[in-house]
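1. Quick one: sequence and predicted model below, then my questions.
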Amino acid sequence: MKTPFDYLADVLERIHARSPIAAYLVALVIAVLCTIALANLNADGSSVIPHPGVHA
């Protein structure tokens, strides 16, 4: 059974075969979008359990 991550990895590999720079840029965009999504999910601080001893 293939997961969405398997399809994403296949797409990145095909892009890398054509242009490694384009694949790097696509991976960078994916990382930025994931970071933004996680930041929005944790905007109020309740989505992530705080680590003991770490204070903001």
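-> Structure's in. What do you need?
2. Now Asp10: which helix or strand?
-> Here Asp10 is covered by helix 4-18, with elements defined by DSSP states H and E.
3. Downstream of that helix, the next helix or strand is which one?
-> Taking DSSP H and E, what comes next after helix 4-18 is helix 20-41.
4. what about that following helix, average pLDDT?
-> The average pLDDT within helix 20-41 is 91.
5. And that helix, what does it pack against?
-> Contacts defined by 3 or more CB pairs under 8 Å, 6 or more residues apart in numbering; DSSP states H and E place helix 20-41 against helix 4-18. (Glycine included, C-beta is placed from N, CA and C.)
6. Could you double-check that Ala22 lies in contact with Val11?
-> No. If you go by CB atoms under 8 Å, Ala22 and Val11 don't touch, sitting 11.3 Å apart.
7. The nearest residue to Glu13 once chain neighbours are set aside: how many residues sit nearby?
-> Among residues not flanking Glu13 along the chain, Ala23 sits closest, at 7.9 Å (CB to CB, 6 or more residues apart in numbering). When counting by other CB atoms under 10 Å, one arrives at 17 neighbours for Ala23.
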